[in-house]
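Student: model the following, please.
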Amino acid sequence: MELTANELARATGGRVDAGPGTARASSYTIDTRTLEPGGCFVALVAERDGHDFLPDAWARGATVALVSRAVPPAPADRAVVRVDDGLEALAALGRDARARLHASVVAVTGSAGKTATKDLTAAALRSRRVHASPASFNNEAGVPLTLLGAPPDTDVVIVEMGARFQGNIAALTDIARPDLGIVTHVGLAHAGHLGGPEGVAEVKGELIASLPATGVAILNADCPFAATLAGRGPARVRYVGMAADADVRVRDVTLDEQLRPRFRVETPWGETTVALQLRGEHQAMNAAMALTAAAELGVELSTVATGLAAAQPAALRMQVECTAAGVLLINDAYNSSPTSAAAALRALGRASVPGRRVAVLGEMLELGDYGPDAHAALGDLAGQVGVDVLVAVGAGAFPAADAARAAGITGVESADPDAARVYVTTEVRRGDAVLVKASRAVGLEGVAAALTEASP
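Tutor: Model prediction:
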């Protein structure tokens with residue numbers, strides 16, 4: 001969306017402090033590393049002060065900078081827009097962008113599967129002019145940036161919404177004003193902040209409460225909080241799941257040797273078969289929710305199935321490869337929660353390999369008092385699904401190793417990623433399968449890299 005410095009100032013309640021008000025910005029970023037020539041750099045003040053990066057922004061071709069304090073003079077023909085608060089100004093720009101767009105907005109939230117479902121929804125809608133948030137742009141900066149990045153002729157915008165505290169999603173829906181809302185699942189992710197599953201359901205329900213009466217809420221029929229969520233707002237509800245009474249029913253899920261699911265879907269619009277490139281049985285539910293959103297927006301089921309079949313997994317999210325050393329590596333080191341970790345363990349248990357199945361699980365963060373039991377549940381599950389070795393990384397994950405031993409399999413405690421890397425590079429052999437599952441903050445991507453780089 002292209003805006004002049006004058007238009008940016010009006011939308012944010014700011015003023016043009018320097019340079020021409022006619023200076024135009026055609027893209028927007030808070031990170032100079034992603035700045036495109038002709039773009040607007042929004043200098044946020046967080047752990048690092050974005051104002052310190054203004055020289056880099058100008059050098060990379062920024063035409064407008066949005067700032068909240070006095071800054072050195074800008075180069076000629078560049079404009080500086082001064083606002084009271086950068087993040088509030090970015091939210092105002094997001095609202096302005098939403099008002100200018102003649103597009104439907106689909107919002108995706110949930111305790112697990114948000115990014116995969118967002119990407120699958122974009123794939124299901126690829127016959128339309130669709131714009132989806134890049135990577136995990138799911139917070140108070142990412143949602144407005146997604147809206148600002150949508151071309152003017154966009155038919156559908158897909159935004160991802162995350163939450164760590166009550167009110168987070170309500171604030172995001174105030175910016176995006178979604179027409180369709182998808183809640184993938186209510187689990188324990190961020191339960192330490194949100195007050196357990198009930199608190200998680202409360203904040204995820206903020207999305208459903210924001211939908212208009214003409215909107216559609218797409219809910220997980222197999223989630224115990226589905227009925228509670230449905231009652232949060234006036235929107236029409238579509239239930240998706242394995243349950244016999246689901247509006248959109250997933251049936252006959254099978255996995256191929258690369259753990260890619262194929263399944264049938266029964267819907268109010270007919271039946272179809274879907275085959276995915278994404279890995280794991282749990283992706284069938286994410287895809288069915290994406291299919292439901294696309295069908296509600298008028299896309300034929302056959303077209304939806306073709307689009308879903310072309311979707312590719314995101315980096316560090318259930319990526320499967322056979323390393324040069326003959327190890328089947330399942331790299332899911334981008335994020336972790338009790339729900340997604342359980343799904344990854346089940347996928348590992350389904351891997352067809354001649355050797356052992358080894359799960360390297362990083363500590364799941366922000367679970368509060370639910371942490372020990374949640375980790376122990378993973379150790380117990382590992383024993384049930386056919387995992388042979390569970391490596392728990394970080395003291396908070398150690399209950400998983402204890403529970404694994406109680407379940408009759410090998411449990412190993414690793415104090416940190418370096419210790420885990422030493423263990424797997426020493427103990428893993430040709431023919432083994434290794435799952436690496438963690439949040440990025442734990443840093444287990446180095447373990448996956450070590451396996452990838454190991455000599456034959």
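Student: now find how far off-centre stretch 381-389 is within its chain.
Tutor: Distance, stretch centre to chain centre, for stretch 381-389: 27 Å (C-alpha atoms, centre = their mean, to the nearest Å).
Student: hang on, residue 90 packs against residue 143?
Tutor: No - applying C-beta atoms under 8 Å, one finds residue 90 not in contact with residue 143, separated by 9.3 Å. Glycine gets a C-beta too; all of them are placed from N, C-alpha and C.
Student: pLDDT weak spots in this structure?
Tutor: 188-195, 316, 455-456 (pLDDT under 70).
Student: what's the domain layout of it?
Tutor: 3-84, 101-310, 319-453 (automatic domain parsing).
Student: in the helix or strand harbouring residue 170, what's buried?
Tutor: Taking DSSP states H and E as the criterion, residue 170 maps to helix 168-176. Across helix 168-176, burial judged by 16 or more other C-beta atoms under 10 Å covers 168-173, 175-176.
Student: widest-spaced pair of the residues you listed?
Tutor: Greatest spatial distance among these (C-beta to C-beta): 168 and 176, at 12.8 Å.
Student: what do those two both touch?
Tutor: Common neighbours of residue 168 and residue 176 (criterion: C-beta atoms under 8 Å, 6 or more residues apart in numbering): residue 161.
Student: can I get the domains of the chain in JSON lines with distance to residue 95?
Tutor: JSON lines is the format used below for the domains of the chain (distance: least, C-beta to C-beta, whole Å):
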{"stretch": "domain 3-84", "distance to residue 95": "8"}
{"stretch": "domain 101-310", "distance to residue 95": "5"}
{"stretch": "domain 319-453", "distance to residue 95": "28"}
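Student: which one of these lies closest to residue 94?
Tutor: domain 101-310 (2.6 Å).
Student: centre of the chain to the closest one, how far?
Tutor: That offset, for domain 101-310, works out to 11 Å (C-alpha atoms, centre = their mean).
Student: what of stretch 309-325?
Tutor: 16 Å.
Student: can you tell me how far the residue lying farthest from the centre of the chain is from residue 3?
Tutor: No residue in the chain sits farther from the centre than residue 76, which is 39.9 Å out by C-alpha atoms, centre = their mean. Distance of residue 76 to residue 3, given as C-beta to C-beta, to the nearest Å: 20 Å.
Student: now do the strands in the stretch 251-400 of the chain.
Tutor: Secondary structure of the stretch 251-400 of the chain (DSSP state E, counting those that start in this stretch): strands located at 261-267, 270-275, 319-322, 328-332, 357-362, 389-393.
Student: got TSV for the ones you listed, with mean neighbour count and distance to residue 219 too?
Tutor: Listed next are the strands of the stretch 251-400 of the chain as TSV, based on neighbours: other C-beta atoms under 10 Å; distance: least, C-beta to C-beta, whole Å:
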stretch	mean neighbour count	distance to residue 219
strand 261-267	19	15
strand 270-275	16	19
strand 319-322	16	29
strand 328-332	24	25
strand 357-362	28	29
strand 389-393	28	33
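Student: may I have the residues that are in contact with the residue farthest from the centre of the chain?
Tutor: The contact partners of residue 76, by C-beta under 8 Å, 6+ apart, come to residue 19.
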